[in-house]
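[1] I'd like to go over a predicted model; first the sequence, then the structure.
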Amino acid sequence: MRLLAVRGRAYPSDLNPAGTVFGGWVMAKMDKAASIAVDEIVFSKFVTVAVSDLHFKKPIRNGDIFTVYTKITHIGRTSITIHVDMEVKHHVSNREYPVTEAAFKFVTVDDQGYPREVREVLRSELPQYVRELV
Ligand SMILES: CC(C)(COP(=O)(O)OP(=O)(O)OC[C@H]1O[C@@H](n2cnc3c(N)ncnc32)[C@H](O)[C@@H]1OP(=O)(O)O)[C@@H](O)C(=O)NCCC(=O)NCCS
């Protein structure tokens, strides 16, 4: 199940010298969106351990309205992986098209920053598809 996590618009200060949005800006939005998805299923602190399969498919331009969608794809012993898609709405057709995707992996950690088991910190109310991943 794909969830809408973050929406917003690109502004001139977000652009690189080529006139499209900076990759780091895109990654920050995706990281924050993924972290919201993790927050919804655990009550623990967590940190990003890895980002993989990052693919900038299309540029984002000034004024574009973007939406970031997240999907929990894997729950390991101490890690949670989120597939993140960013899409942009075409200003004329109003149709969304994919611009960037990646997999963000987080590790649940204790107060000292050491990994802790995801199972111990899962929220009691979880969507069925998340239960099936545990
Ligand atoms: C995340 C961190 C706590 C993991 O500690 P660690 O001692 O490497 O932990 P482990 O080796 O026990 O691995 C923990 C989990 O992370 C996964 N992992 C560790 N390194 C990884 C890597 N490079 N790529 C993918 N997964 C990785 C392991 O597979 C394991 O998952 P599992 O328990 O679900 O099987 C530690 O690396 C850390 O603090 N990193 C810095 C985090 C950070 O500052 N992020 C940026 C800001 S949020």
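    Everything's here; your move.

[2] tell me where the model's unsure across this structure.
    Applying pLDDT under 70 to the chain flags no residue at all.

[3] centroid-nearest residue for it?
    Ala34 (2.8 Å; CA atoms, centre = their mean).

[4] could you verify my assumption that that one touches Phe106?
    Yes: in this structure, Ala34 is within contact of Phe106 by CB atoms under 8 Å, at 7.2 Å. Backbone N, C-alpha and C define where each C-beta goes, glycine included.

[5] joint contacts of those two?
    Listed as contacting both Ala34 and Phe106 by CB atoms under 8 Å, 6 or more residues apart in numbering are 48, 82.

[6] if we can go back for a sec, Provide the secondary structure category for the residue nearest to the centre of the chain.
    Counting by DSSP: H, G, I helix; E, B strand; the rest coil, the backbone at Ala34 sits in helix.

[7] if I look at it, how far off is the ligand?
    From Ala34 over to the ligand the distance is 11 Å, taken as CB to the nearest ligand atom, to the nearest Å.

[8] count of neighbours near the nearest residue to Leu133 once chain neighbours are set aside?
    Once flanking residues are discounted, Leu133 sits nearest to Ile75: 4.5 Å by CB to CB, 6 or more residues apart in numbering. When neighbours are defined as other CB atoms under 10 Å, Ile75 has 20 of them.

[9] alright, I will stop here.
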